[in-house]
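J.: below is the sequence, then the predicted model.
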Amino acid sequence: MAFTDPHPTTPAGPLIEVRDVTCGYADRIILSNVNLSLARGKVLALIGSSGGGKTTLLRLLTRQLKPVSGQVLFDGQDLAPMNQEQLYAQRRRMGMLFQFGALFSDLSVFENVAFPLREHTRLSEPMIRDLVLMKLNAVGLRGARDLMPNEISGGMARRVALARAIALDPDLVLYDEPFAGLDPISLGVTARLIRDLNDALGLTSVIVTHDLHETFAIADHVVMVANGGVVAQGTPEELKASTDPLVRQFVNAQSDGPVRFHQPAPTMHDDFGLPDPEEAA
Ligand SMILES: Nc1ncnc2c1ncn2[C@@H]1O[C@H](COP(=O)(O)OP(=O)(O)OP(=O)(O)O)[C@@H](O)[C@H]1O
């Protein structure tokens, strides 16, 4: 006899969806008409020139910033209308590693990783111990639990910050410049670790980065932000093969091209009394 499930589970949609979002600070629009979608289990890289709006896009995903128009959906739910309680419940599902992943310098490696567990849960001490050691083990640093941040290398510190970001078993991990300041070996190790943790723990990851080589090696999807919006997106292979001059300029690290080097500014004449080179030409 055929069995019919009375409550069929619909396949889960994307974990993140940004729908036609325009956003900015005060009266200044930074990003216009952004669309992107990130499936569960994937690694997304946000790349683009400095000041292009990558961090701004991350702030949208955590609702530190609300769109002027459009919607940001996390697990199918629009973040904008949520009250503080609902928002905190969603944010608990997001782990964050902010620029340089600074550790609390007066806390041991163990206590740094335990911090979010102590702040956000009422777990018993033996449970906290087990969870912290499991996370430290996942980043290869179970043996460093008793060291202080000033006793470990920069690359190790970044891995501790990673363990801290995943301490609460988030669904989504957001990394803002996770490779900044690392030597090439630590950079490669950290990138690989982000991918491995993503896959082993069933996470979904978003990485804001300038390190294209390492990121292209581990990302499923790349979104390039420049000149006020998303200018390209696709797999790393698609971006590398792109003939779009803007993408080529960035991926090939050329200083000249359609991505603006200068922020919009008053004319040279207005600021310095000098003739404007373009007018003089
Ligand atoms: N809190 C803020 N208030 C006002 N303007 C801001 C704020 N944060 C960022 N901006 C402006 O928004 C624009 C985008 O900044 P954002 O930090 O998102 O860029 P980014 O791509 O992450 O840059 P970088 O790669 O240099 O970190 C910049 O022009 C910046 O000056």
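T.: Yes, it's here. Residues are numbered from 1 along each chain as shown.

J.: please report how far Val34 lies from Ile207.
T.: 17 Å (Cβ to Cβ, to the nearest Å). The way it works is simple: take the backbone N, C-alpha and C, and place the C-beta from them, glycine included.

J.: between these two, which one's more packed in?
T.: Ile207 (29 against 24; other Cβ atoms under 10 Å).

J.: who's in contact with that one?
T.: By Cβ atoms under 8 Å, 6 or more residues apart in numbering, the contact list for Ile207 reads Val43, Leu44, Ala45, Leu46, Tyr175, Pro178, Ile194, Thr215, Ala219.

J.: repeat for Ser105
T.: Here Ser105 is in contact with Met148, Pro149, Asn150 (Cβ under 8 Å, 6+ apart).

J.: how about Gly95?
T.: Going by Cβ under 8 Å, 6+ apart, Gly95 touches Ala165, Ile166, Ala167, Leu168, Pro170, Leu172, Val173, Leu174, Leu203.

J.: got a list of what the second one touches?
T.: If a contact means Cβ under 8 Å, 6+ apart, then Ile166 has Gly95, Lys135, Ala138, Val173, Leu197, Leu201, Leu203 as its contacts.

J.: tell me which of those residues fall in helices.
T.: The helices, defined by DSSP state H, take in Lys135, Ala138, Leu197 from the contacts of Ile166.

J.: check the first one and give its pLDDT.
T.: In other words, Lys135. pLDDT recorded at Lys135 is 94.

J.: right, and it touches Val113 too?
T.: Yes - the pair Lys135 / Val113 is scored as a contact, 5.5 Å apart, by Cβ atoms under 8 Å.

J.: which one of those two has more residues nearby?
T.: Neighbours were counted for Lys135 and for Val113 using other Cβ under 10 Å; Val113 has more, 29 against 25.

J.: redo the contacts of Ile207 as TSV? Include distance to Ala80 and pLDDT.
T.: As requested, the contacts of Ile207 are exported to TSV (distance: Cβ to Cβ, whole Å; pLDDT from 0 to 100):
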residue	distance to Ala80	pLDDT
Val43	26	97
Leu44	21	97
Ala45	25	97
Leu46	20	96
Tyr175	24	94
Pro178	27	91
Ile194	29	95
Thr215	29	94
Ala219	27	97
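
J.: inside strands: which ones of those?
T.: Judged by DSSP state E, the contacts of Ile207 include Val43, Leu44, Ala45, Leu46, Tyr175 as members of strands.

J.: who wins on neighbours among those residues?
T.: In terms of neighbours by other Cβ under 10 Å, these top out with Leu46 at 29 neighbours.

J.: nearest to the ligand, of the contacts of Ile166?
T.: Here the nearest of the contacts of Ile166 to the ligand, counting by Cβ to the nearest ligand atom, is Val173; it sits at 17.4 Å.

J.: show me where the stretch 1-150 of the chain has its strands.
T.: 16-25, 28-38, 43-47, 69-74, 77-78, 94-97 (DSSP state E, counting those that start in this stretch).

J.: buried residues in the last one?
T.: Across strand 94-97, burial judged by 16 or more other Cβ atoms under 10 Å covers Met94, Gly95, Met96, Leu97.

J.: again, but for the fourth one
T.: Within strand 69-74, the residues that qualify as buried are Gly70, Val72, Leu73, Phe74, counting by 16+ other Cβ under 10 Å.

J.: show me the contact partners of stretch 145-157.
T.: Residues outside stretch 145-157 that contact it (Cβ under 8 Å, 6+ apart): 101, 103-105, 107-110, 112, 132-133, 136, 141, 144, 160, 181-183, 185-186, 189-190.

J.: for the ligand, see how far away the closest residue to Leu65 other than its chain neighbours is.
T.: Excluding the flanking residues, the one nearest Leu65 by Cβ to Cβ, 6 or more residues apart in numbering is Arg59, at 4.1 Å. Arg59 is 7 Å from the ligand, where distance means Cβ to the nearest ligand atom, to the nearest Å.

J.: tally up the residues packed near Arg59, please.
T.: Arg59 has 17 nearby residues by other Cβ under 10 Å.

J.: show me which residues of the protein sit near the ligand.
T.: By the rule Cβ under 6 Å from any ligand atom, the part of the chain lying against the ligand is Tyr25, Ile30, Gly48, Ser50, Gly51, Gly52, Gly53, Lys54, Thr55, Thr56.
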